[in-house]
Structures are given as C-alpha cells and as structure tokens.
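Novice: what's the 3D shape of this:
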Amino acid sequence: MKPESPNNNESLFPDRDFDVEDEQSWQVSYLDIVTILLGFLFVLLALTNMNQLEISSVSKLFKSSSNETEFITTPIEDIKKELEKLLQDEIEAGKLEIVRDLNDLRIRFSSDDLYKSGSTKLQLGASRLLDQVLAAIKKLRHDDFYIDVEGHTDNTPIATTAYPSNWELSTARASNIVKYFSERGIANQRLKASGYADSRPRVPNEDSLGNPIPKNKDLNRRIVLRLYYSTADEQKEKSNPSILAQNQQADSSVACKYAIQVGGFKIFENGISMARIAEEKTDYEFTITYNRQIFSVRTLSTPSFSEALDNYRTIANNFEDRQIGLIHQCYSNEKKIPPPIDYVIQFGAFNSKENAQEYRSRLSREYQISAHLAESSSQYFKVVSGPYESTESATAYLKQYKNKQLPDNIFLDYVADTTVEYKFDTQLQLASFSKDNEARNFSREISNKLDIKTSVTTFGEGSYYVVTREFQKWSNALELYNRIEKKEPSLSPVIYLLEYS
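Specialist: Presented below is the predicted three-dimensional model:
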C-alpha cells in the first residue's frame, strides 16, 4: 500500500511500497522475553545450589582459590631458587629434584638411595645426602616454613612382623627422617611425618595389561620433603595439638582417660537437673565439671577406651537427642585432668560478716545444722554447708534441710576453687575394625562416597577406628553427624570430645 503523494516534491515518505506487517510478529518478542526470564531463573537456581556446596567443592569450580592467593604471597619461590643454588651438585647428579607444587615446595629423593628394600634403616650414603640438604635448609634466609616428610612406596605388597603393610613401612621411614632432622637442630614444631604407602603414585605401577613397569616403580618409591607455610587451621592445630595425635604417639608420659558427656549447660541448675535425669535413666553415676563457661555432665573417667565405648552405646540408647559425646582426656600430667566440681548448700548471703555469723549460729541453735562462712568474690559472706563430692549426697542433704522448713530459700551451689579452664575440639568416629587394612579401605571408600576427610587411628587395644577431621565447633560435628545418618543409616557415628587445657 502506497500513501498518496502531496503536490510538492518534499514528501517525507520514501517513494516505495511499505512492507506488509505480520499480524503474528508480537510472538517473537514475547518468546525472547520468556527465554531471558528462564535464563535468569536458571542463574538464580545455580547460585542457590552453589551456596549449599562445601567449601572444597566450590574451590573446584573457580580457579582463583585460597591456595592460589597463598601461592602469590608466600616466599616459596625465593626458597626454591636458593635451594637450587645450594644443592646444584646434588640435583645435577640426580640424587634429588626440587619442584614447586602451588604453594608447596617438594624435595624428592629416591627411596632406594636412602633405604634398602623393606627396611627402615638409613643406608650409609643416605646420611651424607640428608646432611647436605639440612645444611642448605639452615642457610636459607627464611626459616618460618614447615617440613612434612612423606613416605611413598610402590604397589608391591609387604607383610612382615614389623610392617604388616606398606602403610606402616612408609610411615616408619618418614618418621625416622623426622627424628634425624630433629636430632640435628630442626625444631620439632616445624616437623611432621606422613606415610602414604602406594596411594599417591607419580606414574602408573603397571601397564594396561597389569604387567609391572620397573622404571615407574622406581619413581614411585620415594621420600619427599614438603616445605610449606601453614594455614590458620594448621597454626591452631600446632598450638593446640590433637588429643588423638598425642595418643597415637604412644608416649608413656601421656595419660588418657575417657568419660561420657550427656550435656553441657551455661546454667548450673540445668546441669544438676540433667545429672539427676541421667542417673534415673541409667545405672551410672554422673558428675559435673566446669570450665568457667559450660557445666558438663559426665560419667566417672575410665582408663579403658573399649570400656568407655561400651558405656557410650549403653547410655546413648537411653537418650533420643544427640548431645552425647565420648570425652578423650589425654594430658602429659594426669593431675591436669579436670576434676568434678564440689558442691555446697547455701543458706544465705550477707553484706556484713557479723550478720552472717549470727545466722550461722541460729542454724546451729534452732535447726541443728552445721554451717560455715565462705567469702565470695562480690564481697558477700555466704553461710554454707559442705563441701560434698557427689550430686547424689549434695541433693540428699538439700532435701533433708528443706524438710526442716527453714525461713529462707536454700539452694545447691558449686565450689569455685574446683573449677578448671579447659577446651575441646570435636570429631566423629564412623566405624571400627579388627584389622588395619580393612579400616583403611573403608576410610578411603567412605571418604570418596561422602566427600569428607577421614583417617584411621588406634588406642592400643587391638582395634582400628575410622574418624573424620577435627572440628572446633560442636555444631559442625553435629551437622555432619546428621548428614551421615541420612546418607548412611547403617553407620553409627560416635562424637568425640577431644579435651585439652
């Protein structure tokens, strides 16, 4: 359709026919808008799901992680250049190699140069090589890094009395070098020993047909010095050593006892109530300890872990909630283990010492109650009886005194001098086995299945326990506990409370 042209030649319309408008063209714009909205909703959904991922999973999605930030800021590259210069002869001779792995620096030795097959005794030439490396480390401008000595084997099985598997062999080899370094002046807090057996091969031990590759096995048998700077979590671990780690060292100076905790409360009266409830539900005697933050209701301690584990399961069957934990009390001095608090019964508190003494005399004269004065930090003079060592005896006396219908309210209190400051980390036990290899196989399997970090420990009683990493907060351990119960209902996790002063 062409509009009529005006009489003059100054028409605003072009001298051509207009395109015919498609009556359905609005649908194209509508579909574009719908597509954009759907894309926006998918982005929102993706961000929501990502927030629910664990930190370790999120770091895999983005190339800029906390490790890469440390890669830039730590002096590892400077250390690498210095060591390469100081150990140039050894590197050119093929005795060792130095490689950088993100924020870590690795000095690799062939195990065959340090140890004979199946042995953990350093060969004659090994000491000379290690001394050269030690001398180089001591000459470095930086001495604030840590050294993790890693032991690695190939997949050739070993089964001797001393080393039932490659796990024990690799760990013993790493431990011997740690001792060697420690004896020659490297501070113990900078050293760590790790055994990985054949779990981290550099190259495949066998070809696609299952035939062994000797050259590859030679590469996989190695000792690695991993030089690294610790994260904030590792710093805390070094300042507050793992209770389980102390126990694994089998140090005769470390005394370990175990107890079952059924609750922790900020209010003393709530702790007393829970102790009564727990004693009514079970046949165990419960005490209370106080670290000036939480009143912990727990059983008497036992030196036997297996006995404590049996007690835990018996007590847990009588409680529906998950506020129960197995306490590990491992201290270099047994006297440091927090004792249960002592109790007193308070009859009254007075600003004046004379008034307090008068009231004490009245209790003795009219009610035949023997009491004494106790000065509080708030400069009050308390009239109390006791102390009593158990909640049972204290509550029995309290009930007896209340039946005398005393004119003032009386209540149970704790003796401040019997409180001790202590803390604890948390950890989950997932399963137990009678054989080390079974425990380690399960540890790897459950770690991959649940995407959690696990390890194997023992308490010298013939059993091997698969445990998770340690948590600083009880809530984090409880959250993992609930997640494991939903995903793996066949497991019966036990929450450890790793106590330390």
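Novice: give me the neighbour count for the closest residue to residue 411 other than its chain neighbours.
Specialist: Counting by Cβ to Cβ, 6 or more residues apart in numbering, residue 411 lies nearest to residue 346, which is 5.9 Å off, once chain neighbours are set aside. No exception for glycine: its C-beta is placed from N, CA and C like everyone else's. Here the count is done by other Cβ atoms under 10 Å, and residue 346 has 20 residues near it.
Novice: I figured residue 346 hits residue 387, correct?
Specialist: No - counting by Cβ atoms under 8 Å, residue 346 stays clear of residue 387, with 11.7 Å between them.
Novice: sorry, back to before: give me the pLDDT value at the residue nearest to residue 411.
Specialist: As predicted, residue 346 sits at a pLDDT of 92.
Novice: quickly find the element holding it.
Specialist: strand 343-350 (DSSP states H and E).
Novice: roughly how far out does that strand sit from the chain middle?
Specialist: Put simply, strand 343-350 sits 42 Å off its chain's centre (Cα atoms, centre = their mean, to the nearest Å).
Novice: following the chain onward from it, which element is next?
Specialist: Downstream of strand 343-350, the first helix or strand assigned by DSSP H and E is helix 353-367.
Novice: and for the nearest residue to residue 205 once chain neighbours are set aside, the neighbour number?
Specialist: Once flanking residues are discounted, residue 205 sits nearest to residue 155: 4.6 Å by Cβ to Cβ, 6+ apart. For residue 155, the count of nearby residues is 15 (other Cβ under 10 Å).
Novice: just residue 291 next, same as before
Specialist: Using other Cβ under 10 Å, the number of residues around residue 291 comes to 17.
Novice: beta partners for the residue nearest to residue 411?
Specialist: Under DSSP bridges, the beta-bridge partners of residue 346 are residue 384, residue 411.
Novice: mind listing what it touches?
Specialist: Applying Cβ atoms under 8 Å, 6 or more residues apart in numbering to residue 346 gives the contacts 382, 383, 384, 410, 411, 412, 413.
Novice: so where's this protein shaky on pLDDT?
Specialist: Filtered on pLDDT under 70, the chain yields the residue ranges 1-32, 45-73, 230-255, 321-322, 376-378, 460-461.
Novice: residue closest to the middle of it?
Specialist: Closest residue to the average C-alpha location of the chain: residue 470 at 1.1 Å, with Cα atoms, centre = their mean.
Novice: how close does that residue get to residue 453?
Specialist: As for residue 470, its distance to residue 453 is 10 Å (criterion: Cβ to Cβ, to the nearest Å).
Novice: repeat for residue 335
Specialist: Applying Cβ to Cβ, the value for residue 335 to residue 453 is 34 Å.
Novice: got it, and residue 85?
Specialist: When residue 85 is compared with residue 453 (using Cβ to Cβ), they lie 37 Å apart.
Novice: and for residue 353?
Specialist: Distance from residue 353 to residue 453, by Cβ to Cβ: 59 Å.
Novice: next, residue 391: phi, psi?
Specialist: phi -60, psi -30 (degrees, to the nearest 10).
Novice: grab the nearest non-local neighbour of it.
Specialist: residue 275 (4.8 Å).
Novice: which ones are touching residue 414?
Specialist: Residue 414 neighbours (Cβ under 8 Å, 6+ apart): 268, 288, 290, 341, 342, 343, 344.
Novice: right, and the third one touches residue 296 too?
Specialist: Yes - Residue 290 is in contact with residue 296 according to Cβ under 8 Å; the separation is 7.4 Å.
Novice: what about residue 463, how many residues nearby?
Specialist: 17.
Novice: scratch that, residue 218
Specialist: 14.
Novice: am I right that it is in a helix?
Specialist: Yes - remark: residue 218 belongs to a helix, assigned using DSSP: H, G, I helix; E, B strand; the rest coil.
Novice: check contacts around it.
Specialist: 110, 112.
Novice: what's the spacing between it and residue 205?
Specialist: In terms of Cβ to Cβ, residue 218 sits 10 Å off from residue 205.
Novice: follow-up on the earlier one: residue 335 and residue 453: which is more packed in?
Specialist: The residue with more neighbours, out of residue 335 and residue 453, is residue 453; 12 against 7, by other Cβ under 10 Å.
Novice: and the more buried one, how far from residue 317?
Specialist: 29 Å.
Novice: could you do residue 491 as well?
Specialist: In terms of Cβ to Cβ, residue 491 sits 16 Å off from residue 317.
Novice: the two: which is more packed in?
Specialist: Of the pair residue 491 and residue 317, residue 491 is the one with more neighbours under other Cβ under 10 Å, namely 17 against 10.
Novice: just checking, that one touches residue 430?
Specialist: Yes - Residue 491 lies in contact with residue 430 (Cβ under 8 Å); the separation is 5.7 Å.
Novice: find residues that contact each of the two.
Specialist: With Cβ under 8 Å, 6+ apart as the test, residue 491 and residue 430 both reach residue 484.
Novice: residues in contact with residue 408?
Specialist: 347, 348.
Novice: that one belongs to a helix?
Specialist: No - with three-state DSSP as the criterion, residue 408 is coil rather than part of a helix.
Novice: return the distance of it relative to residue 463.
Specialist: Distance, residue 408 to residue 463, by Cβ to Cβ: 55 Å.
Novice: got it, and residue 347?
Specialist: 51 Å.
Novice: now residue 278
Specialist: Computed as Cβ to Cβ, the residue 278 to residue 463 distance reads 27 Å.
Novice: same thing with residue 331?
Specialist: Per Cβ to Cβ, residue 331 is found 23 Å from residue 463.
Novice: show me what contacts the closest residue to residue 436 other than its chain neighbours?
Specialist: In this structure, residue 436 finds its nearest non-sequential neighbour in residue 464, 5.1 Å apart by Cβ to Cβ, 6+ apart. For residue 464, the contacting residues are 432, 433, 434, 435, 436, 438, 439, 440, 456, 457, 458, by Cβ under 8 Å, 6+ apart.
Novice: how about a cut-off of 7 Å?
Specialist: Going by Cβ atoms under 7 Å, 6 or more residues apart in numbering, residue 464 touches 432, 433, 435, 436, 439, 456, 458.
Novice: and if you look at residue 95?
Specialist: Here residue 95 is in contact with 113, 129 (criterion: Cβ under 7 Å, 6+ apart).
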